[in-house]
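Peer 1: the following comprises the amino acid sequence and a computationally predicted model.
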Amino acid sequence: MLSLKEDFLKNKIREGGEKMKLEEIKRLEGIEKEREIRKITDIGYRKEDYIEIFEICDAFWMYRGKGPHALLTSGKHSDGYIDVSQVLRFPNLRDALTQRAIEEVLFPVTGSKVEIDYVVSSSMAAIAAGDGVATYFRATFVYCEKANGIQKLKRFEIPDGAKILQVEELITTMKTTRQVTNAIIEKNKSVEFVKDENGKIVVLTLVHRPEKLPIEYPDYRILPLVELEIHNWDAKNCPLCKAGSRALKPKENRNLFFKI
Ligand SMILES: [Zn+2]
């Protein structure tokens, strides 16, 4: 199965022909930029390469000493902003990045023979990532969705004995991840989660962005393709405000955050 997938990806690269340099793609605008982004699959294997893909897709921004900083939905101020959906909306990038996460990050922990019947994610943004991972394993994909603000497995059943891999697109705190585990167990206690050698539940994610790294969780093993610290502050204690930077909502001020 692995070699099939590799051939598939190589063919896709060949079909795309000569790739525009990534720096040139960044300078494009509108549909031209989208067309070029859709062709990208031959990316490097370093964290920096993945972050560059995120930047080209307007999915990642980090405060670099000037300009505004991010006002989050929670009301907190932040020096970073990540919206993985902006990458996952390109199916070829979704396939390439989920494949990388599986082969580069998951397999070293679980081995490539890991048995997976069900992939389960939260909703909404994680659905594309979970679907990509399930496609790779030819597994079944189901997702939780919010009921009264909590992730629940509303529209799917999971049979006894099913081997489950949890997948997220982005993990900041463990709140959503824990809700998904609980939602699965609430539906069926007789399932088996993919675990690491210490018995911790494995969660595969494209991005892990806690406030402080390194971080260990007592009951989970987070396996991220990209991991980085992003800091949040209450408005009154924000050092970036004190330094004269304005706090703005990235989604409403895309041109200020994502211009070259
Ligand atoms: Zn601030």
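Peer 2: Thanks, I have the structure now.
Peer 1: and the helices in the stretch 151-260 of the chain?
Peer 2: With DSSP state H, counting those that start in this stretch applied, the stretch 151-260 of the chain shows helices at 175-187, 239-242, 254-258, listed in chain order.
Peer 1: buried deepest among those, which one?
Peer 2: Of the helices of the stretch 151-260 of the chain, the one with the most neighbours on average (mean count of other CB atoms under 10 Å) is helix 175-187, at a mean of 18. No exception for glycine: its C-beta is placed from N, CA and C like everyone else's.
Peer 1: which secondary structure elements does that helix sit against?
Peer 2: In terms of contact count using 3 or more CB pairs under 8 Å, 6 or more residues apart in numbering; DSSP states H and E, helix 175-187 is assigned the packing partners strand 118-121, strand 150-152, strand 163-171.
Peer 1: quick one: neighbours of residue 125, just the number.
Peer 2: Residues within reach of residue 125, counting by other CB atoms under 10 Å, total 17.
Peer 1: would you agree it is in contact with residue 170?
Peer 2: Yes - taking CB atoms under 8 Å as the contact criterion, residue 125 and residue 170 are neighbours in contact, 6.8 Å apart.
Peer 1: joint contacts of those two?
Peer 2: Both residue 125 and residue 170 are in contact with residue 84, where contact means CB atoms under 8 Å, 6 or more residues apart in numbering.
Peer 1: thinking again about what came up before, for the helices of the stretch 151-260 of the chain, which one sits closest to residue 41?
Peer 2: Judged by CB to CB, the one of the helices of the stretch 151-260 of the chain that comes nearest to residue 41 is helix 254-258, at 22.1 Å.
Peer 1: now do the domain split for the protein, please.
Peer 2: Listed by automatic domain parsing, the domain ranges of the chain are 2-90+232-258, 94-227.
Peer 1: worst mean pLDDT among those?
Peer 2: In terms of mean pLDDT, the lowest-scoring of these is domain 2-90+232-258 (a mean of 86).
Peer 1: near the ion, which residues of this structure are found?
Peer 2: Applying the criterion CB under 5 Å from the ion, the portion of the chain that neighbours the ion consists of 77, 238, 240, 241, 247.
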